[in-house]
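Asks: please find the sequence and the predicted model below.
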Amino acid sequence: MIRRCCKCDKVEQGGKWRYLQLVPADIRVTHGYCPECFAETLAEIEDFIGAKAIGDFGTVGLPAHRRLGSSCV
């Protein structure tokens, strides 16, 4: 089984994360975060939690499409 980053689509091979164009159909894939995307996502969460603590959590730390009150369309 190989791991694919759910954010950037890198694939882990031998402990290294790299982009692959195609993953063979007979290989099972699980999803997680590569180290870079994990750190970025953790920072976004920490920013959101910090902003929520001071009451300004509408726009801090989250991409525009994931901000509270933004349209899903």
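Replies: Cool, got the structure.

Asks: enumerate the positions of the least confident helix or strand in the chain by mean pLDDT that are buried.
Replies: Using mean pLDDT, DSSP states H and E, the weakest-scoring helix or strand in the chain turns out to be helix 35-54, at a mean of 88. Using 16 or more other CB atoms under 10 Å as the test for burial, helix 35-54 gives 37, 48, 51. Where C-beta positions appear, they are placed from N, C-alpha and C, glycine not excepted.

Asks: in TSV, list the residues you listed along with distance to V11.
Replies: Listed next are those as TSV, based on distance: CB to CB, whole Å:
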residue	distance to V11
C37	13
F48	28
A51	33
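
Asks: any weak-confidence spans in the chain?
Replies: 55-73 (pLDDT under 70).

Asks: if we go to 50?
Replies: Applying pLDDT under 50 to the chain picks out residues 68-73.

Asks: so what's the residue nearest to K7 when sequence neighbours are not counted up against?
Replies: Nearest non-adjacent residue to K7, counting by CB to CB, 6 or more residues apart in numbering: C37, 4.0 Å away. The contact partners of C37, by CB atoms under 8 Å, 6 or more residues apart in numbering, come to 5-8.
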